[in-house]
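Student: Take this sequence and fold it.
(one chain, ligands or ions: 2)
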Amino acid sequence: MTEAAIRRVPKVLLHDHLDGGLRPATIVELADATGYTRLPTTDVDKLGTWFRGGAHTGSLVRYLETFSHTVGVMQTPEAVARVARECAEDLAADGVVYAEVRFAPELHVEQGMSLDEVVEAALDGFRAGSAGTGLHVRALVTAMRHQARSLEIAELAVRWREAGVVGFDIAGAEAGNPPTRHLDAFQYIQRANGHFTIHAGEAFGLPSIWEALQWCNADRLGHGVRIVDDITVDPDGNATLGDLADYVRDVRVPLEMCPSSNVHTGAAPSIERHPIGLLRRLHFRVTVNTDNRLMSGVTLSSEFATLVETFGYGWSDIRWLTVNAMKSAFLPFDQRLALINEVIKPGFEGLVP
Ligand SMILES: O=c1[nH]cnc2c1ncn2[C@H]1C[C@H](O)[C@@H](CO)O1
Ligand SMILES: [Zn+2]
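Tutor: Ligands and ions are numbered 1, 2, ... in the order given. Sure thing, here's the model as predicted:
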């Protein structure tokens with residue numbers, strides 16, 4: 001089960017940030033083209049190393065600081081469209097067959113783009129980059145949780161749903177910015193019969209997960225790793241679940257786990273001690289994701305390869321995680337089913353008994 005072999009099987013990605021997945025060479029070219037002068041270096045290799053180094057700090061706040069440079073070069077429709085096109089190309093080359101890629105339009109308006117123009121440019125790029133590949137890409141529109149534009153961004157998400165936006169999200173520094181600050185935005189999405197996920201249980205613990213589910217009614221949790229704080233395991237390995245952990249497992253709340261990113265931001269102590277091991281064993285609705293391919297230096301295939309190496313996962317685990325992700329996508333039911341039966345299951349034929 002090499003990384004190359006994992007690249008060849010169909011995979012599904014639910015949690016990937018557009019502004020966290022740029023190619024270093026593209027950042028340098030876009031900085032030049034758009035007059036952005038604040039890059040720490042214009043040497044492509046050094047820049048890639050700089051992003052990974054800056055991100056692997058064990059602090060979400062420090063991790064997020066590196067995004068000022070990616071967002072800094074994504075301030076024109078051409079730049080956003082190019083980054084989205086290359087994102088789709090890179091995911092297709094990694095064997096991803098369905099992806100939901102997220103971005104925060106409010107971060108891309110510094111040079112005069114409107115929120116709608118940002119979304120339009122990203123969707124154009126996704127379409128161009130996925131054309132002729134086996135990849136289906138959809139967008140999630142994110143609001144920044146420390147800002148006060150979430151209702152406006154929720155309206156934007158609903159406005160673009162026929163064109164490829166399948167959901168809404170909040171991201172940014174979690175501590176001090178609880179999900180209930182944005183209740184009106186989540187209620188707007190619900191009234192419009194839309195879908196949303198919330199970054200919760202990453203840099204803050206159970207109260208954030210509880211609010212996301214029981215006050216805001218999130219369809220999925222971004223990360224959600226701290227749900228393990230509501231589980232106790234005795235020395236024999238028997239697990240006892242608290243009420244919230246029971247709820248998350250019982251109603252099959254999808255957990256968008258991002259193992260490497262979680263280590264880099266301090267949400268998990270190491271890959272070996274990452275909660276995914278326990279949660280998968282307890283049959284939570286776990287999915288595997290990249291979060292930020294640039295900052296965390298990963299691909300979806302490399303994340304799976306890391307899990308194979310660390311937890312001894314086999315092809316059946318990868319297929320289970322992939323089907324979990326496809327079931328949890330914000331795509332209509334018939335399309336999810338078609339991808340599972342016509343693409344994912346045949347893609348694992350001969351590998352899983
Ligand atoms: O892991 C994360 N947690 C919280 N916020 C994040 C994470 N990764 C990226 N973001 C933020 C930074 C981006 O600028 C924003 C939109 O993609 O989302
Ligand atoms: Zn994220």
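
Student: can you give me the strands for the stretch 1-150 of the chain?
Tutor: Assigned by DSSP state E, counting those that start in this stretch, the strands in the stretch 1-150 of the chain fall at 11-17, 96-103, 136-144.

Student: most packed of those strands?
Tutor: strand 11-17 (a mean of 28; mean count of other CB atoms under 10 Å). Any C-beta I mention is one placed from the backbone N, CA and C, and that applies to glycine too.

Student: Could you check the angle that strand makes with strand 96-103?
Tutor: With axes from the mean of the first three to the mean of the last three CA atoms, to 10 degrees as the basis, strand 11-17 and strand 96-103 are set at 10 degrees to each other.

Student: contact partners of strand 11-17?
Tutor: By CB atoms under 8 Å, 6 or more residues apart in numbering, the surrounding residues in contact with strand 11-17 are 87, 91, 94-103, 142, 171, 197, 220, 222-223, 254, 256, 258, 287, 289-293, 300-301, 304, 318, 322, 325-326, 328-329, 339, 344.

Student: returning to what we had before: out of the strands of the stretch 1-150 of the chain, which is closest to ligand 1?
Tutor: Smallest distance to ligand 1 across those (CB to the nearest ligand atom): 3.8 Å, for strand 11-17.

Student: Now the closest one - C-alpha only, PDB.
Tutor: Written as PDB, here are the backbone C-alpha positions of strand 11-17 (Å, rounded to 0.1, in the frame of the first residue of the first chain):
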ATOM      1  CA  LYS A  11     -11.000   9.300  -3.000                       C
ATOM      2  CA  VAL A  12     -13.400  11.900  -1.600                       C
ATOM      3  CA  LEU A  13     -12.300  15.200   0.000                       C
ATOM      4  CA  LEU A  14     -14.700  17.200   2.100                       C
ATOM      5  CA  HIS A  15     -12.400  19.700   3.900                       C
ATOM      6  CA  ASP A  16      -9.900  21.500   1.800                       C
ATOM      7  CA  HIS A  17      -9.200  25.300   1.900                       C
END
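
Student: Spell out which parts of the stretch 51-200 of the chain neighbour ligand 1.
Tutor: Selection of the stretch 51-200 of the chain residues close to ligand 1 by CB under 6 Å from any ligand atom yields 60, 64, 67, 71, 102-104, 107, 142, 171-172, 199.

Student: Determine which two of those residues are furthest apart.
Tutor: For these, the maximum inter-member distance is 18.0 Å, found between Leu60 and Phe103 (CB to CB).

Student: can you give me the offset of stretch 285-298 from its chain's centre?
Tutor: Centroid separation between stretch 285-298 and its chain, computed with CA atoms, centre = their mean, to the nearest Å, is 7 Å.

Student: same deal with stretch 38-57?
Tutor: 21 Å.

Student: what do you get for stretch 305-320?
Tutor: Taking mean C-alpha positions (CA atoms, centre = their mean), stretch 305-320 and its chain are 19 Å apart.

Student: Repeat that for stretch 204-212.
Tutor: Its chain's C-alpha centre and that of stretch 204-212 lie 18 Å apart, by CA atoms, centre = their mean.

Student: end to end, how far does that stretch reach?
Tutor: 12 Å (CA to CA, to the nearest Å).

Student: One more: stretch 68-76?
Tutor: 15 Å.

Student: what's the answer for stretch 231-246, then?
Tutor: Stretch 231-246 has an end-to-end distance of 9 Å (criterion: CA to CA).

Student: buried sites along the one helix or strand Glu155 maps to?
Tutor: Using DSSP states H and E, Glu155 sits in helix 150-159. By neighbour count on 16 or more other CB atoms under 10 Å, the buried set for helix 150-159 is 150-151, 153-158.

Student: Tell me which two of those sit farthest apart.
Tutor: Farthest-apart pair in the buried residues of helix 150-159 is Ser150 and Val158; separation 12.7 Å (CB to CB).

Student: Which of the three states applies to Ala268?
Tutor: coil (DSSP: H, G, I helix; E, B strand; the rest coil).
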